[in-house]
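Novice: here is the input, now give the coordinates:
(4 chains)
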Protein chains: 2
Amino acid sequence: MATIERGELLSKQVEEALRERMRQGCFSPGEQLPPENDLAATFGVSRATVRAALANLQREGTVVRRQGAGTYVTHAAAYLDSRLEGMWDCEDMIRARGCEPSVGWLEYEECLPDEQTRRKLRLQPAENVLVVRKVFLADGQPVIHCADFIPRALIGKSFTRDDLAKNVFAFLEEFAGERATYYVAELAPTVADGSMAQRLGCSSGTPLLLFDEVAYNIKDRPISCSLLHHRREGVLFRVVQSRP
Amino acid sequence: MATIERGELLSKQVEEALRERMRQGCFSPGEQLPPENDLAATFGVSRATVRAALANLQREGTVVRRQGAGTYVTHAAAYLDSRLEGMWDCEDMIRARGCEPSVGWLEYEECLPDEQTRRKLRLQPAENVLVVRKVFLADGQPVIHCADFIPRALIGKSFTRDDLAKNVFAFLEEFAGERATYYVAELAPTVADGSMAQRLGCSSGTPLLLFDEVAYNIKDRPISCSLLHHRREGVLFRVVQSRP
DNA sequence: TAGTGGTCTAGACCACAAA
DNA sequence: TTGTGGTCTAGACCACTAG
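Specialist: Numbering: from 1, shown residues only, chains lettered A, B, ... in the order given. Okay, here's the model as predicted:
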């Protein structure tokens, strides 16, 4: 029943097989999973491979494990789509809520960054940045205001306005040959000011969730920073914490 | 130089040893770490053990790894204290920002929960909850308003007002014999209304970050839920995302 | 005491990146 | 081509929980 094949990652296949069974209700929330040795025998893989799969499920909160007691299914599996973890793209976030994403407005300019941006990107005083501002719509309703700042010097190829509608990380890979390996985001609550309210189609004073992010390449060099303002109705952020 | 001993978790010791060297500047941000085989030989452990240690460092964003290229130190190690991950306690959050935590105000009551709370805790219609409301201070300044909801039936021992000043998870372990194994939190921006503003010593309309949390025990039963309102100045939440 | 998950080893092979 | 990290195995022993 496992249909585990060589080729794909074995642990990923085991993980997906377990996930699928949970979706089908074969294992229900609160129930205990078979022991690792049984699973290893069932799938025809080593116990270490099963453990890798279970570790992934545990990290995302789908199962809870306790030494001596067993592995139990949680009902958190239902929340998997709205996780804060692994979010790299505004349009994916919107899709995760079951809406159709689009870009409703876009403008860009090349200019000298303000002091804070300059420091975040570790730029020399006279270095320019490309600033891209957009509003993302979910089923036609504005939900996210995004401002991306990219060091001008990184951009090696010429681009068009359409290229800027892409995710900043995709843009960086294509036009700067830079890959973001990690980012650091700071979360803060804020309220919409006049221009933000106008662009997001809400009234001034509406609460917004601000993500202040800086992305780095493998060499730990900052390659972009972004300010993302999320409307409360637009995106739901969930955090699942589990402990041993 | 490693001083790895039997007894403690080997992988934890390796992890700490590497962390310590990074703190001492022995490995600086942007630098490459020695290959896994070298580290294994240096510490006198197997490569799998080294990999477990590196996986932990990678997950928290302290290092970035790429197949074929190597393992690199990031500068994100400096942010380790303000992580959203692993936050289970308001006072710890406040300490993480270098402030002294205290409880500035506390009130509690036993009552019937509203419909939303009842559903979150999966309670029968007539079941009571213990509601505890407190305000946490950071160096004397109010920063977090916390409301905890605990099913009354879970509480087996009698308690005093002082017991309620504790972390809800510590309270549950002591007075209900229940351990929280994971929680699900939803983040949302909001603004202070009249009473909230008064308790938090801010003006009405001040932006706040709301955590709407539900905690579960190992059997996937909800054992408490909480509404946490954070002032922007009070707590800094950072999220570090890394990708393979 | 039996059975569970947690840790560790030694070795193998593969995929990928850089010189 | 060389060296890196990524995956997988088979087996061992330990720590904890429950009956």
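Novice: number of residues surrounding residue A:68?
Specialist: Counted with other CB atoms under 10 Å in any protein chain shown, the neighbours of residue A:68 add up to 4. (C-beta placed from N, C-alpha, C; glycine too.)
Novice: for it, helix, strand, or coil?
Specialist: coil (DSSP: H, G, I helix; E, B strand; the rest coil).
Novice: tell me the spacing between the residue most central in space within chain A and chain B.
Specialist: Centroid-nearest residue in chain A, with CA atoms, centre = their mean: residue A:87, separated by 0.4 Å. If you measure residue A:87 against chain B using CB to the nearest CB, to the nearest Å, the figure is 7 Å.
Novice: in this structure residue A:11 contacts residue A:52, no?
Specialist: Yes - checked against CB atoms under 8 Å, the pair residue A:11 and residue A:52 is within contact range at 3.9 Å.
Novice: the two: which has the busier surroundings?
Specialist: residue A:11 (20 against 17).
Novice: what are the bridge partners for residue A:141, then?
Specialist: Note on residue A:141: beta-bridge partners by DSSP bridges are residue A:138.
Novice: run a quick neighbour tally on it.
Specialist: For residue A:141, using other CB under 10 Å, the count is 16.
Novice: quick check: it touching residue A:200?
Specialist: No - at 9.4 Å, residue A:141 does not count as touching residue A:200 under the criterion of CB under 8 Å.
Novice: against residue A:35, how distant is whatever residue of chain A ends up closest to DNA strand D?
Specialist: Distances from chain A to DNA strand D, computed as CB to the nearest atom of the strand, single out residue A:68 as the nearest residue at 2.4 Å. Per CB to CB, to the nearest Å, residue A:68 is found 11 Å from residue A:35.
Novice: which strand or helix spans the closest residue to residue A:213 other than its chain neighbours?
Specialist: In this structure, residue A:213 finds its nearest non-sequential neighbour in residue A:185, 4.3 Å apart by CB to CB, 6 or more residues apart in numbering or on different chains. Taking DSSP states H and E as the criterion, residue A:185 maps to strand A:182-191.
Novice: give me the neighbour count for residue A:128.
Specialist: 15.
Novice: alpha carbons of stretch A:207-216, as PDB, please.
Specialist: The C-alpha coordinates for stretch A:207-216 follow below in PDB (Å, rounded to 0.1, in the frame of the first residue of the first chain):
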ATOM      1  CA  PRO A 207      -4.800  48.200  11.700                       C
ATOM      2  CA  LEU A 208      -2.100  46.600   9.500                       C
ATOM      3  CA  LEU A 209       0.500  44.000  10.100                       C
ATOM      4  CA  LEU A 210       4.000  45.100   9.000                       C
ATOM      5  CA  PHE A 211       6.700  42.800   8.000                       C
ATOM      6  CA  ASP A 212      10.100  44.500   7.800                       C
ATOM      7  CA  GLU A 213      12.300  42.000   6.000                       C
ATOM      8  CA  VAL A 214      15.900  41.800   4.900                       C
ATOM      9  CA  ALA A 215      17.000  38.900   2.600                       C
ATOM     10  CA  TYR A 216      20.600  37.600   2.300                       C
END
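Novice: could you give the bridge partners of residue A:224?
Specialist: Here residue A:224 sits in beta bridges with residue A:215, as judged by DSSP bridges.
Novice: low-confidence stretches in chain A?
Specialist: Low-confidence segments of chain A (pLDDT under 70): A:1-7, A:77-86, A:243-244.
Novice: residue A:76 reaches residue B:183, doesn't it?
Specialist: No - using CB under 8 Å, residue A:76 is not in contact with residue B:183, being 9.3 Å away.
Novice: domain map for chain A?
Specialist: A:10-80, A:83-231 (automatic domain parsing).
Novice: which residues in chain A form strands?
Specialist: With DSSP state E as the definition, chain A shows strands at residue ranges A:63-66, A:70-73, A:101-111, A:129-138, A:141-151, A:182-191, A:207-216, A:222-231, A:237-242.
Novice: what does the fourth one contact?
Specialist: Think strand A:129-138. Applying CB atoms under 8 Å, 6 or more residues apart in numbering or on different chains, the external contacts of strand A:129-138 come out as A:90-91, A:94, A:97, A:99-113, A:117, A:121, A:123, A:142-152, A:155, A:164-165, A:168, A:199-200, A:234.
Novice: got the CA positions of it in CSV?
Specialist: This file holds the C-alpha atoms of strand A:129-138, laid out as CSV (Å, rounded to 0.1, in the frame of the first residue of the first chain):
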residue,chain,number,x,y,z
VAL,A,129,18.4,51.5,-5.0
LEU,A,130,15.6,50.3,-7.2
VAL,A,131,12.3,50.8,-5.3
VAL,A,132,9.3,48.8,-6.4
ARG,A,133,6.0,49.4,-4.8
LYS,A,134,2.9,47.2,-5.5
VAL,A,135,-0.4,46.3,-4.2
PHE,A,136,-1.6,42.7,-4.3
LEU,A,137,-5.2,41.9,-4.7
ALA,A,138,-7.0,38.8,-3.4
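Novice: list the buried residues for that strand?
Specialist: Within strand A:129-138, the residues that count as buried by 16 or more other CB atoms under 10 Å in any protein chain shown are A:129, A:130, A:131, A:132, A:133, A:134, A:135, A:136, A:137, A:138.
Novice: among those residues, give me the pair with the biggest separation.
Specialist: Across the buried residues of strand A:129-138, the longest distance by CB to CB is 28.0 Å; it joins A:129 and A:138.
Novice: off-centre distance for stretch A:231-244?
Specialist: Put simply, stretch A:231-244 sits 12 Å off its chain's centre (CA atoms, centre = their mean, to the nearest Å).
Novice: anything in it near chain B?
Specialist: Yes - on the criterion CB under 8 Å from any CB of the partner chain, stretch A:231-244 is in touch with chain B at A:232, A:236, A:237, A:238, A:239, A:240, A:241, A:242, A:243.
Novice: ChimeraX command to pick out the buried ones of the residues you listed?
Specialist: A single ChimeraX command is used to select the members of these judged buried by 16+ other CB under 10 Å:
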select /A:232,236,237,238,239,240,241,242
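Novice: residues contacting the residue lying closest to residue A:168 once chain neighbours are set aside?
Specialist: Setting aside the residues directly before and after it, residue A:168 is nearest to residue A:148 in space (CB to CB, 6+ apart), at 4.4 Å. Going by CB under 8 Å, 6+ apart, residue A:148 touches A:131, A:132, A:133, A:168, A:224, A:225, A:226.
Novice: ok, now how distant is the fifth one from chain B?
Specialist: Here the criterion is CB to the nearest CB. By it, residue A:224 lies 14 Å from chain B.
Novice: likewise the first one?
Specialist: Separation of residue A:131 from chain B (CB to the nearest CB) stands at 23 Å.
Novice: gap between the nearest residue to residue A:51 once chain neighbours are set aside and residue B:201?
Specialist: Distances taken as CB to CB, 6+ apart place residue A:36 nearest to residue A:51, at 6.3 Å, with adjacent residues excluded. Plainly put, residue A:36 is 52 Å away from residue B:201 if you go by CB to CB.
Novice: those two: who's more crowded?
Specialist: residue A:36 (18 against 15).
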